[in-house]
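S.K.: missing the sequence, but the structure's below:
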């Protein structure tokens, strides 16, 4: 029978190998993305009166992190579905993330945004999805779809690679905006939560 120490070493080595592979997958994904559309995202963020973000599940957690960083920049940011989120209006921006591009609540939000004259930015893995079709700008994230179980694009379960891409791209977009705005880190820090 394997000793506890040996088992711990084996588990540790396996977890390290998984982490290395996950990082490699994200690096490969970063190389495969068409960044042409991200300039359009930056322009839309800069023109928007308010920015509304929407995503579900783990993608929703990632988008909430993106919303937080945009708030740190001093932008008017809301996450769709929160009780304090106001109505979207003409001149606003809806930034939506859905791996499949077919999540009904997200598609309905995009339809409503278009109806009132707001612009829609979508991040999906599916260029022919309903959400992509509604978007003024569609950013294709060439990650595995949630129901893609063959492991061809990722060793990870379900939509993990897409969800990671939403967070990492959100941080990269935030960093570009931060550099463009030239706001000192000390100024951003003033907007950090202080009632924890």
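M.R.: Received the coordinates, thanks. This one's a predicted model, so the numbers in the text were calculated from it and none came from an experiment. Numbers count the residues shown, from 1 in each chain.
S.K.: all contacts plus neighbour counts: C-alpha atoms, from now on.
M.R.: OK.
S.K.: Give me the pLDDT value at residue 144.
M.R.: Residue 144 is assigned a predicted lDDT (pLDDT) of 78.
S.K.: Just give me the residue closest to the centre of this protein.
M.R.: The centroid of the chain falls nearest to residue 166 when counting by C-alpha atoms, centre = their mean (2.6 Å).
S.K.: Tell me the predicted confidence for the nearest residue to that one once chain neighbours are set aside.
M.R.: In this structure, residue 166 finds its nearest non-sequential neighbour in residue 62, 6.2 Å apart by C-alpha to C-alpha, 6 or more residues apart in numbering. What the model reports as pLDDT for residue 62 is 98.
S.K.: Could you look up the SS state of residue 62?
M.R.: Secondary structure, DSSP: H, G, I helix; E, B strand; the rest coil: residue 62 is helix.
S.K.: Test my guess that it contacts residue 163.
M.R.: Yes - using C-alpha atoms under 8 Å, residue 62 makes contact with residue 163 at a distance of 6.7 Å.
S.K.: Now do the same contact list for the residue nearest to the centre of the chain.
M.R.: Residues near residue 166 by C-alpha atoms under 8 Å, 6 or more residues apart in numbering: 59, 62, 63, 97, 123.
S.K.: cutoff 7 Å now
M.R.: Residue 166 makes contact with 59, 62, 63 under the criterion C-alpha atoms under 7 Å, 6 or more residues apart in numbering.
S.K.: and it, what element?
M.R.: helix 160-181 (DSSP states H and E).
S.K.: What are the boundaries of the strands in this protein?
M.R.: With strands called from DSSP state E, the chain shows them at 51-54, 77-79, 93-97, 119-124, 137-140.
S.K.: what comes up buried for the second one?
M.R.: Buried residues in strand 77-79, counted by 16 or more other C-alpha atoms under 10 Å: 77, 78, 79.
S.K.: Same check on the first one?
M.R.: Counting neighbours by 16+ other C-alpha under 10 Å, one finds that the buried residues in strand 51-54 are 51, 52, 53, 54.
S.K.: Would you point out the most distant pair within those?
M.R.: Pairwise distances across these (C-alpha to C-alpha) peak at 10.1 Å, for the pair 51 and 54.
S.K.: now the strands of the chain as CSV including mean pLDDT and distance to residue 32?
M.R.: Shown next, in CSV, are these (pLDDT from 0 to 100; distance: least, C-alpha to C-alpha, whole Å):
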stretch, mean pLDDT, distance to residue 32
strand 51-54, 99, 24
strand 77-79, 98, 28
strand 93-97, 99, 18
strand 119-124, 97, 14
strand 137-140, 96, 10
